[in-house]
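J.: Sequence isn't available, so here's the structure alone:
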């Protein structure tokens, strides 16, 4: 099994910054990449940013220029630096990893973290 632990959420005023952290552990043979999604009340979960094992990144249009996803020095860790936060960024942010458990023949599965709340006040 794979476990993800997220941290760094909280309450911040509009225009402020937060940095989310996520560490994956457990049965991970290889990973294709890690990412962040978010879900606001009454809305569907949506992609925020993703980084592949090769370091390629992609961002949702609504965070381009404000958020930066990066990998940590420790294996299977990822960060999300969020600047110029807006009230509409308020959501639960979920980390995820796409990984194979024991070999290249293992299925590629996505595992989600428990989520961390980000609240931006106006």
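T.: Cool, got the structure. A quick note: this is a predicted structure, and the numbers were derived from the prediction, not measured. Numbers count the residues shown, from 1 in each chain.

J.: Look up how far residue 30 lies from the residue located most distally from the centre of the chain.
T.: Distance from the centre of the chain peaks at residue 105, with 25.9 Å (Cα atoms, centre = their mean). Applying Cβ to Cβ, to the nearest Å, the value for residue 105 to residue 30 is 11 Å. Any C-beta I mention is one placed from the backbone N, CA and C, and that applies to glycine too.

J.: my guess is the residue farthest from the centre of the chain is in a helix, correct?
T.: No: looking at residue 105 with DSSP: H, G, I helix; E, B strand; the rest coil, it is coil, so not inside a helix.

J.: Residue 94 touches residue 38, doesn't it?
T.: Yes: when contacts are counted by Cβ atoms under 8 Å, residue 94 is listed as touching residue 38 (6.9 Å).

J.: shared neighbours of these two, which are they?
T.: Counting by Cβ atoms under 8 Å, 6 or more residues apart in numbering, the residues touching both residue 94 and residue 38 are residue 45.

J.: which residues touch the spatially closest residue to residue 122 that is not a sequence neighbour?
T.: In space, residue 122 comes closest to residue 87 once its chain neighbours are excluded; the distance is 4.7 Å by Cβ to Cβ, 6 or more residues apart in numbering. By Cβ under 8 Å, 6+ apart, residue 87 lies in contact with 14, 120, 121, 122.

J.: from those residues, which two are the most distant?
T.: 120 and 122 (7.6 Å; Cβ to Cβ).

J.: list residues touching both of the two?
T.: 14, 87.

J.: Between the two, tell me which one has more neighbours.
T.: residue 120 (20 against 9; other Cβ atoms under 10 Å).
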